[in-house]
Every structure is written in structure tokens, then in C-alpha cells.
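**Student:** Need coordinates for the following:
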Amino acid sequence: MSEQAAALLVFDPLNGAMLYANAAAVELFGVGDGVPRRAGELLPQLADLSPRRFEARSATPARGECELAVRLEALRCGPLAGKDAVLASVQVVDGAAGCTSHERRAKQRGGRLEALWSLVVRRGLTGADQVRAILREAVRGMELKAAALERIVGEELVLEFAEPPDEDRLPAERRTPVERSLARGALRSSGTFAVLDVRRDPEFGESAGVRCFVSAAFRAGDASWVLTLTSDVPRPEAFDEHDWAYVEDVLEALARAVERREKDARIEHLAYSDALTALPNRVAVLTRLDEALAEADRVGSRVAVLFLDIDGFKAVNDTVGHRGGDLVLAEVAQRLRGTLRREEYMGRLGGDEFAVVLPHVAGRAEIESISQRISSVLVCPFPVGEYRFSLSASIGAAIYPDDAAARDELLACADAAMYAAKDDGGSRLRFRNGADGFAAEIVMRGAGLAAEPHDVGFLLCYQPIVEAASGRIVGAEALVRRLHPLHGLLAPERGWSIARDERGRRALDRWVLREAARQARLWLQAGTPLRIDVNLAAYNRREVDVLLADEALRSMLRSLRIEIAPARFRESGEKSRIAGFVEQCASDGFGFTLDGFDGGLGTLTSLSHWPIDAVKLDRALVEGVTQSRTARAIVEGTVVVAKSLGWQVIAKGVETAMQQEMLVSLGCDGIQGFYLAHPMTASDFGTWLRERSHGEASA
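**Tutor:** Sure, this is the predicted structure:
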């Protein structure tokens with residue numbers, strides 16, 4: 001450095017106006033009290049007054065073309081200014097006039113490089129802030145005006161960062177075709193490409209607002225990027241090897257910053273995202289809820305929380321295992337994600353439980369609408385291999401501050417409401433009031449077995465029951481069968497997948513009762529009154545009430561007879577519930593049969609006071625009746641006891657003529673089994689009835 005005094009200048013950091021200049025500064029730059037100047041007019045690098053050191057070459061009135069060493073530092077309020085300011089200390093570098101142009105550019109590059117890499121290693125500067133800082137430094141270092149960092153996606157460039165940012169232009173110019181971009185030359189040459197004046201280049205002459213640019217492509221992380229530095233004035237001299245080397249340094253700094261940004265984003269994603277469904281996890285949901293509650297306190301709005309539990313999911317794991325269950329959960333999450341609107345936030349709490357945060361909720365009507373949206377996307381079956389599962393959701397809702405005054409209380413209210421909805425059969429929304437308990441219940445439209453069991457490949461088949469004495473068809477047993485595309489009708493033990501939980505069992509019973517009653521009415525209208533025995537899964541009174549609510553089918557109640565296994569009356573946890581179910585249904589006109597009776601005469605005695613119409617013998621007894629004296633004795637004793645109670649005895653599972661003859665001789669009232677007919681669809685059953693009637697008439 002020379003021994004001369006440093007030129008000292010003080011600037012306003014807000015607008016760059018000069019507040020003070022000492023004698024050395026007046027001499028060096030030709031400024032004085034009567035000539036107000038701004039920092040950027042003295043040196044372009046002074047457009048940024050952030051504290052730092054740099055070297056610059058400039059033509060000054062006093063020294064002509066010379067190399068300057070500049071130091072910027074912040075000043076606190078003092079006698080020179082009534083507010084904070086920036087002090088610039090400028091000294092002429094000795095021997096600058098004797099340096100070659102190459103040496104000066106090398107020194108300049110050294111200063112630029114030091115400023116650039118200080119941004120890469122600076123503590124506290126990460127992510128997007130670091131990328132923007134590097135872009136600003138690149139603009140200063142190359143003495144241009146603006147920078148754009150774009151990601152290459154196919155044949156387009158997606159703008160990720162712009163310096164200085166132009167918020168009005170960013171959304172409209174976010175995507176640019178490669179062949180219309182300034183970067184097309186760099187991409188074609190796979191290197192750095194520059195144009196000193198686009199008006200002299202016919203290929204880029206149409207670029208609006210740009211006269212000079214430098215563009216370079218590079219790779220960072222898993223993506224390819226393009227950096228473009230531009231100016232609205234042409235460059236008077238060509239870029240030299242020091243400029244090209246500096247651009248390479250900028251690209252390396254950007255690559256490190258972008259990779260660090262992506263790494264931080266991946267770490268954040270892992271911390272706040274559920275690995276299986278890619279939805280936000282519990283931590284993220286609670287964080288978003290805290291933000292929503294804080295905002296609600298500021299603006300006086302309300303926030304709702306919905307807890308969702310997927311009904312029927314246990315059947316998925318039981319049938320296809322946990323790997324199949326994971327596939328279904330991932331599909332559930334994808335469908336639920338599709339129901340979200342802009343402000344709605346959904347995450348997975350764990351297992352098959354999800355949560356939705358609704359900021360600025362208007363009221364319960366809005367929550368009901370959202371719940372119906374959620375329910376509607378679960379109606380369509382979930383295929384896993386040859387299985388198709390039907391699901392629905394039990395939803396509990398709580399509103400802040402109506403139901404709770406704190407986050408944990410709000411979550412507890414929503415959780416309790418969800419479990420209440422599930423305990424009541426699922427496929428419904430329940431609201432929870434902190435003071436009043438459960439306030440309301442809304443049953444989801446479209447909930448149940450993916451519309452109906454027949455929509456997912458199930459149907460009712462009918463096996464005839466013949467009066468033993470006359471051979472007349474007096475009834476039929478309704479049996480659920482699965483329609484397989486290759487194997488035809490399958491019995492429940494092969495591929496059963498719709499009644500593994502309470503919701504599925506109730507939905508199945510609802511469908512069976514309605515379909516059986518409808519078919520009984522059709523046969524009655526055709527002149528063939530038959531009594532239909534139905535097997536239920538849940539024995540829930542509410543599903544019977546659904547049938548009673550249908551005026552068209554209510555008259556057919558006396559045509560239905562519900563089968564119950566004797567073991568149901570012996571199970572300690574089931575006995576009282578089944579007893580109540582039988583009593584209520586009998587008062588509505590339903591009949592009952594004991595299905596699968598194995599010969600325990602004590603059972604008949606203990607059930608003598610129940611409204612039972614008939615006893616169906618177990619298949620094992622029927623098979624042994626022609627071979628075992630014991631079996632014949634049990635059947636004979638059953639007939640005696642049952643008839644003394646006023647009950648009929650029906651032999652189920654008859655497969656040979658010898659079995660039929662023996663059972664008739666022992667006093668059985670009815671016969672059912674493959675010897676007479678296999679289970680048939682309703683259409684085939686009607687055809688079988690007509691053919692049988694025609695044969696009897698011909699005989």
C-alpha cells in the first residue's frame with residue numbers, strides 16, 4: 001500500500017447517499033460537499049454496502065486507471081450522522097500502474113474468489129439463503145446486473161431462484177422451453193457460453209431487456225441446472241480466462257449449496273414425513289395444529305381436528321398379511337390426499353389412523369362436507385391380488401375453542417369421538433363437545449361394503465328345503481357365495497374377505513336381509529310362497545331396523561327365518577346380547593332355527609322357552625345315520641324332544657337316497673342337501689322350481 005492517507009467516505013446504508021468524504025476522498029474521486037454522489041456511482045461494487053473487503057479497478061480523476069483496495073465497515077450513530085452508516089476506506093494499491101492486465105485480473109479474481117467462498121463456509125447461511133447470496137456475489141464478481149438459476153426438466157427450464165428477485169415475473173416465467181432460453185447455447189456446447197452484445201448476434205437478438213449474458217450448465221444432486229448472468233448494457237471488453245475460471249468457481253459453490261439444500265430438505269422430509277404413505281407424520285400434524293391454533297388466537301377464528309380410523313382394515317391384514325395391508329394403506333393415503341383442498345392438512349398418526357387439521361373452519365356443516373368427501377373415496381374396492389376389500393372411515397371431530405381450550409384437550413376430544421363412532425358400527429362421523437359429550441352423529445353416505453357385496457363379487461344363492469312327507473318345496477336357505485372369475489361360485493371358506501370386523505359383519509347382514517326379503521317377495525308374486533332361512537354375522541338389531549324401515553319389504557318379515565348356532569346361547573359374552581336380539585326380532589315376526597344341532601338334548605331343554613321354529617341337524621349326524629346306531633338313536637331322540645316343544649326337525653346335508661329314507665323313517669320333517677339340489681342363484685332356482693313342477697305334473 002502507499003503511504004498516502006486513505007480516502008474515507010461515509011454512506012447511508014439505506015439509499016447509498018454520501019454523508020461525508022475526507023480530503024483524500026475528495027482528491028481521489030473528485031467529490032465535495034457541493035457535489036452529492038451515491039456509492040454505486042463511485043464504484044459499481046459499492047452498490048452493496050455490506051461489510052467486507054474487496055479490490056477493484058477504476059478510472060479516478062486524480063490517479064487515472066488504478067487498482068483500489070476497499071474496506072467496508074458499519075458505523076454506529078455518532079456526530080457524523082444521526083443514524084447508522086457505513087464507512088468505506090479506500091487506498092490506491094502501490095505498483096498498480098506497473099502491473100500487467102493479466103496480473104491485475106489475477107488479483108481481482110483472488111478477491112472475488114475469497115468473497116465467494118466466504119459465503120459457502122459462513123455459519124448460519126444455509127439452504128435457499130445461501131444459494132441467493134452466492135448468486136448476488138456472482139453478479140458483483142462478473143460485474144453484471146442479474147442472475148437466474150434454473151433446473152432442467154425434460155425440454156424445459158424451471159426457474160428456482162432469481163437475483164434480484166422479481167416477484168411479479170416469477171410465476172409467469174417459471175417454465176421456459178430450452179430452445180427459447182438464453183441457456184440454449186450453453187446446453188448445446190455443454191460448457192460456458194457468453195454473448196457480449198445480443199444485438200450483434202442474430203440468434204439471441206430478440207432477447208428483451210438483455211444486452212449481455214453468460215450462461216453455464218452444471219449438475220448438482222440428482223438434477224441438472226443452468227446459471228445465467230445477465231446485464232442490460234453490452235460488455236465493452238471480452239471475458240478472459242480469469243472470468244471463465246471465476247464462473248467455474250461459482251458453479252462449484254452453487255453445486256455445494258444446492259446439494260446441501262437438498263440434503264437438508266431430505267432430512268426434514270424424513271423427520272416430518274411418514275415413510276409408508278408419504279403423508280406428514282404425527283410430529284408434522286402437531287406442528288401444523290400448533291400453528292393453526294396460534295393463528296386462530298390472533299384473528300379470532302376456529303380450528304377443527306378430525307381423527308380417522310379405517311373401518312375394515314383388520315380384515316385386510318388377516319387375509320393378505322401385512323405386506324398386502326401396507327399396499328392398501330398406501331392406496332388409502334393416496335385417495336385421501338386427493339380430497340384435500342388448499343388449507344386442509346392431513347397426516348398419518350400411525351397404523352390405520354389419520355388426522356386432518358382444518359384452519360378457519362366455518363362450522364359443522366363444513367366438517368360434514370369434508371367427511372363425506374373422505375368417505376366417498378373409500379367406497380371403491382381396494383384390490384390386492386384376487387381379493388377386493390371394502391373400507392370406510394370412523395371419524396371423530398372437535399372444534400377449537402368450542403370443544404376445548406388447549407391442543408391436548410382438543411386432540412383428546414377428537415380421539416374420543418372417533419372411538420365412539422367406531423364402537424357404534426363405524427362408517428360415521430361423530431362430533432365431540434368438551435362439556436356436553438357426544439353432540440351429533442352423521443352416518444356417511446355410500447359407506448358400507450363398497451356400495452353392496454354383489455358389487456365386489458358376492459351374491460346370495462339358495463338351497464331348497466323339501467317337506468319329507470310330501471316332497472313339496474317349502475323353503476330355501478340363503479347362502480353367501482363369492483363369484484370368482486375362474487373358479488365360479490366359492491363357499492365362504494375360500495376367499496372370504498368382507499366380514500372380518502364388526503362394520504363388515506353389519507353391512508353383510510344388512511345386505512343379506514334385504515336381498516332375501518326382496519327375493520321372497522318376488523317368489524310370492526310368482527305364486528310360489530317360500531320361507532327363507534338366513535345366516536347372519538353380527539346379529540345387530542340396527543340392521544333389522546333398516547329392513548323394517550323399507551315399507552316394500554316389511555311385509556315379507558314372516559317369510560324370513562334367522563338361523564342361530566346353539567353355541568351362541570352358551571357363550572358368556574354373547575348370551576345376553578343374542579337373547580335380546582331374538583326377543584326383539586321375534587316380536588317383529590321373524591322366525592328362528594337352531595342351526596348345526598349336534599345331538600345335545602340338554603341344549604334343547606335349556607332353550608325350550610325361546611321362540612324357535614325348527615332344529616337343523618348337524619351334517620355329521622346326517623352322514624352317520626345310515627352307518628351308526630348311535631347316530632340314529634340321537635336323531636330319533638332329537639325328533640321326540642323337538643316335536644314335544646313344537647319344533648320341526650330338518651336334516652341338513654343329505655347326500656344320498658339311503659340317508660333321506662332313513663331320516664324320513666326317523667320322523668324328520670324336512671330334507672336339505674346335495675341329494676336334492678346344490679345352492680343355486682335366484683334365477684337358476686326359479687328354473688329348477690319350474691322344471692320340478694312340470695315333472696311332477698307330467699307324472
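
**Student:** tell me the domain boundaries of the chain?
**Tutor:** Split into domains by automatic domain parsing, the chain comes to 7-99, 123-271, 282-443, 453-698.

**Student:** Save those as JSON lines, and put in mean neighbour count too.
**Tutor:** Quick note: C-beta positions are derived from backbone N, CA and C, even for glycine. Below are the domains of the chain laid out as JSON lines (neighbours: other Cβ atoms under 10 Å):
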{"stretch": "domain 7-99", "mean neighbour count": "16"}
{"stretch": "domain 123-271", "mean neighbour count": "16"}
{"stretch": "domain 282-443", "mean neighbour count": "19"}
{"stretch": "domain 453-698", "mean neighbour count": "17"}
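
**Student:** which residue ranges form the helices in the stretch 1-150 of the chain?
**Tutor:** Secondary structure of the stretch 1-150 of the chain by DSSP state H, counting those that start in this stretch: the helices cover 23-29, 39-42, 101-121, 127-141.

**Student:** ranking those by mean pLDDT, which is last?
**Tutor:** With a mean of 60, helix 101-121 has the lowest mean pLDDT of the helices of the stretch 1-150 of the chain.

**Student:** who does residue 157 bridge with?
**Tutor:** Taking DSSP bridges as the rule, residue 157 bridges to residue 152, residue 176.

**Student:** what's near enough to touch it?
**Tutor:** Residues in contact with residue 157 (Cβ atoms under 8 Å, 6 or more residues apart in numbering) are 150, 151, 175, 176, 177, 178, 181, 183, 226.

**Student:** Correct me if wrong: the third one contacts residue 156.
**Tutor:** Yes - the criterion here is Cβ atoms under 8 Å, and residue 175 meets it with residue 156 at 5.0 Å.

**Student:** what touches both of those two?
**Tutor:** In contact with both residue 175 and residue 156: no residue, using Cβ under 8 Å, 6+ apart.

**Student:** Where does the prediction get shaky in the stretch 201-350 of the chain?
**Tutor:** Along the stretch 201-350 of the chain, the parts satisfying pLDDT under 70 run over 264-272.

**Student:** In it, what residue spans correspond to helices?
**Tutor:** So, for the stretch 201-350 of the chain - with DSSP H, counting those that start in this stretch - the helices run 241-272, 282-299, 313-338.

**Student:** and residue 465, which of the three is it?
**Tutor:** strand (DSSP: H, G, I helix; E, B strand; the rest coil).

**Student:** Tell me what it is bridged to.
**Tutor:** Beta-bridge pairing for residue 465 (DSSP bridges): residue 475.

**Student:** What's the separation between it and residue 347?
**Tutor:** Separation of residue 465 from residue 347 (Cβ to Cβ, to the nearest Å): 54 Å.

**Student:** ok, now residue 135?
**Tutor:** 35 Å.

**Student:** quick one on the thing from earlier: can you put the domains of the chain in CSV and add distance to residue 116?
**Tutor:** Formatted as CSV, those follow (distance: least, Cβ to Cβ, whole Å):
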stretch, distance to residue 116
domain 7-99, 11
domain 123-271, 5
domain 282-443, 36
domain 453-698, 63
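
**Student:** Name the residues that touch stretch 84-97?
**Tutor:** With Cβ under 8 Å, 6+ apart, stretch 84-97 has contacts from 1-2, 4, 6-13, 19, 25, 28, 39, 46, 49, 51, 55, 57, 63, 65-77, 104.

**Student:** Oh, that last question was meant for stretch 614-632, not what I typed.
**Tutor:** If you take Cβ under 8 Å, 6+ apart as the criterion, stretch 614-632 is touched by 561, 563, 591, 593-599, 604, 634-635, 638, 642, 647-656, 658-659, 662-663, 666, 668-670, 672-673.
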